[in-house]
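Peer 1: sharing a sequence plus its predicted fold:
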Amino acid sequence: MRLGEEIWKAIFKAGEKENIKAIGLAARDTLRLEMGFCLYGNDINDETSPIEAGLSWITKFTDKKKFINKEELLSQKTNGVEKRLKAFEMIDRGIPRQHYKILDVNGNEIGEVTSGTMSPMLKKGIGMGYIKKGNWKVGTEILIKVRKILLFLNFS
């Protein structure tokens, strides 16, 4: 037996009393989105900054700390950003998917969905996406373009 298989079996043996089960990526996405956690490759990547992603708490700006792009990030933290990763919940029935366009109530494109799923806890679609500055106030009604259909949602 290979080591990976031995570890797998040992984990399930240890969790037998708790009736643990193997889960897949859909469960990971549901749990992380309900908590507002980012996934590298979807919500954050080389084209986004921690400030835009709402992760400024992980970027400590002290005189003693030097890191790549410190000046630009400090400028973003001080002056604000042009786009911001925001969580939202669907009003209409539907599931927001990566790359679906986010529109304002007038039909203007203001962003793009980075992650979305159906929340078993909330019993509705939830997601995150980058939204242009001035459009991300909590409670703002926006639309998700799903093929040719527009679905309503709110920022949470």
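Peer 2: On my side now, so go ahead. Keep in mind it's a predicted model, so treat the numbers as computed, not measured.
Peer 1: list the residues that contact Lys132.
Peer 2: Glu82, Lys83, Ile110, Gly111 (Cβ atoms under 8 Å, 6 or more residues apart in numbering). Every residue, glycine included, has its C-beta placed from N, CA and C.
Peer 1: swap the cut-off to 6 Å and go again
Peer 2: Each residue near Lys132 by Cβ atoms under 6 Å, 6 or more residues apart in numbering is listed here: Lys83, Ile110.
Peer 1: please report phi then psi for it.
Peer 2: phi -60, psi 150 (degrees, to the nearest 10).
Peer 1: list the beta-bridge partners for it.
Peer 2: Lys83 (DSSP bridges).
Peer 1: would you mind measuring from Trp57 to Ile144?
Peer 2: 28 Å (Cβ to Cβ, to the nearest Å).
Peer 1: these two: who's more crowded?
Peer 2: With neighbours defined as other Cβ atoms under 10 Å, Trp57 and Ile144 compare such that Ile144 has more, 27 against 7.
Peer 1: now name the helix or strand holding the more buried one.
Peer 2: strand 141-146 (DSSP states H and E).
Peer 1: just checking, what packs against that strand?
Peer 2: The contact analysis (3 or more Cβ pairs under 6 Å, 6 or more residues apart in numbering; DSSP states H and E) places strand 141-146 against strand 101-103, strand 149-155.
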